[in-house]
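S.K.: Below is the structure, and that's it, no one-letter string:
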């Protein structure tokens, strides 16, 4: 059953996340809709508090099938590029015609984005246990220019691992960024899971 995939994510049954998302792609949107996945819209709404020009280009890092872009668009954002490690997920996102550009990339190589190319980057439901490791945080953050915004989330399972929240604290304490927004709220309602949504600005 497709509902098993949420359990497989958190139990890390797949050694390579590309294999998980290859198998999950066709049922991903439906399963998350049935379980009421709310982190994308929470993150998009948080970002609206700090962005006046909604046509500013956004990089949706780990875009998957496009659920995050759909949330961003519903909040008025209009120019979104997506990158992801799963070609199967990318193809589903492409069918929705909501991205300006889409690209699949190899997680074992550098992120195919030029530094300072985007002043807003999102990583919604991406950096977490069972998905992208916390080490990717610095790689994504470093792509931003001064005053660039990074909007991201950590799910409940990741918050139980100290290195996740400590990474944000360290980034702020080292004066690399200022934290604009941080809120614990519903992540997947039907599973009674929560997530922390952040917006930080690069200094």
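M.R.: Perfect, thanks for sending it. Note that the structure is predicted; figures quoted are calculated from it, not measured. Numbers count the residues shown, from 1 in each chain.

S.K.: Extract the residue ranges of the chain that are flagged as low pLDDT.
M.R.: Low-confidence segments of the chain, defined by pLDDT under 70: 1-3, 5-15.

S.K.: Okay, residue 104 and residue 190: tell me how far apart.
M.R.: 30 Å (C-beta to C-beta, to the nearest Å). To be clear about C-beta, it is placed using only N, CA and C from the backbone, and glycine gets the same treatment.

S.K.: And for residue 115?
M.R.: For residue 115 relative to residue 190 (C-beta to C-beta), the value is 40 Å.

S.K.: More neighbours: which of the two?
M.R.: The residue with more neighbours, out of residue 115 and residue 190 and counting by other C-beta atoms under 10 Å, is residue 190; that gives 13 against 10.

S.K.: Just give the closest residue to that one, not the sequence neighbours.
M.R.: residue 35 (4.2 Å; C-beta to C-beta, 6 or more residues apart in numbering).

S.K.: neighbours of that neighbour, just the number please.
M.R.: 16.

S.K.: That one reaches residue 188, doesn't it?
M.R.: Yes: using C-beta atoms under 8 Å, residue 35 makes contact with residue 188 at a distance of 4.9 Å.

S.K.: all helices of this structure, in order?
M.R.: Listed in chain order, the helices found in the chain under DSSP state H are 4-11, 17-34, 39-48, 67-74, 87-96, 136-141, 156-159, 162-173.

S.K.: TSV for those helices, including mean neighbour count and distance to residue 123?
M.R.: Listed next are the helices of the chain as TSV, based on neighbours: other C-beta atoms under 10 Å; distance: least, C-beta to C-beta, whole Å:
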stretch	mean neighbour count	distance to residue 123
helix 4-11	16	16
helix 17-34	17	14
helix 39-48	21	9
helix 67-74	22	9
helix 87-96	17	15
helix 136-141	18	6
helix 156-159	18	12
helix 162-173	15	12
